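S.K.: any chance you could fold what I've pasted below:
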Amino acid sequence: MAMAIYLTAGVSGAHLNPAVTIALWLFACFDKRKVVPFIISQVAGAFCAAALVYGLYYNLFVDFEQTHHIVRGSVESLDLAGIFSTYPNPHINFVQAFAVEMVITAILMGLILALTDDGNGVPRGPLAPLLIGLLIAVIGASMGPLTGFAMNPARDFGPKMFAGLAGWGEIAFTGGRDIPYFLVPLFGPIVGAILGAFAYRKFIGRHLPCDTCVVEEKDSTATTQQNASL
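M.R.: Here you go, the predicted structure:
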């Protein structure tokens with residue numbers, strides 16, 4: 001993740017996650033005109049990444065299925081589908097999985113804002129991507145066994161779309177559950193990112209000496225009022 005941020009920061013601001021993009025639009029003055037194109041690009045990128053992995057490992061997929069007599073599209077084939085996207089621990093339910101994805105993405109979003117906010121302590125600058133990558137690794141190590149720590153709707157839904165087309169079909173989206181599991185990593189991170197961004201702006205950002213977004217909003221309001229008076 002850190003390498004991806006370093007690679008794309010100068011072009012797109014390293015928008016790799018729809019949940020983060022939506023939260024930045026709502027709470028950090030991100031241009032709303034870019035939200036939909038960015039999300040489409042994020043999902044398309046994840047889809048292509050899954051296709052690349054499948055192409056490179058195709059022979060191993062087939063060999064594993066034949067050796068273990070696995071029929072692609074069955075519940076047993078979810079172990080292979082899990083190479084592309086996330087599925088929950090069988091011992092947790094839909095609500096618990098949603099809560100996990102919501103909480104860990106809220107933490108991620110809050111820390112992203114904190115680490116990239118020069119008004120919040122010592123500027124992190126080039127270290128921010130490494131710290132964000134470290135945070136994701138810590139979250140994965142602690143919460144990964146529960147849901148696979150998606151935290152990113154594109155990284156999960158794009159590969160699920162590919163898996164569905166590659167023979168896993170409906171099981172790629174439902175995860176073998178009555179309520180389609182794809183809804184959890186699709187909406188859980190979005191809700192979590194919004195809550196995390198709201199909490200940061202409400203309880204931390206507004207009290208900092210330099211809240212860039214607020215300053216921009218005030219400048220915009222002042223300009224509008226000045227034009228109106230003319």
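S.K.: CA atoms for contacts and neighbours, from now on please.
M.R.: Noted.
S.K.: so which helix or strand takes in the residue lying closest to residue 19 once chain neighbours are set aside?
M.R.: The shortest distance from residue 19 to any non-neighbouring residue, by Cα to Cα, 6 or more residues apart in numbering, is to residue 190 (4.4 Å). Residue 190 is part of helix 183-203 when elements are defined by DSSP states H and E.
S.K.: give me the contact list for that helix.
M.R.: 18-20, 22-24, 26-27, 86, 94, 97-99, 101-110, 113-114, 150-154, 156-157 (Cα atoms under 8 Å, 6 or more residues apart in numbering).
S.K.: show me what counts as buried in it.
M.R.: 184-201 (16 or more other Cα atoms under 10 Å).
S.K.: SS state for the nearest residue to residue 148 once chain neighbours are set aside?
M.R.: Spatial nearest neighbour of residue 148, chain neighbours left out: residue 86 (5.2 Å); criterion: Cα to Cα, 6+ apart. Reducing the assignment at residue 86 to three states with DSSP: H, G, I helix; E, B strand; the rest coil gives coil.
S.K.: relative to the whole chain's centre, how far out is the helix holding residue 190?
M.R.: Computed by Cα atoms, centre = their mean, to the nearest Å, the separation of helix 183-203 from the middle of its chain amounts to 10 Å.
S.K.: what do you get for stretch 27-47?
M.R.: Chain-centre distance of stretch 27-47: 11 Å, with Cα atoms, centre = their mean.
S.K.: just the helices from this protein, written as ranges.
M.R.: Taking DSSP state H as the test, the helices found in the chain are 2-12, 18-27, 35-56, 58-67, 78-81, 94-115, 128-147, 153-163, 171-174, 183-203, 212-229.
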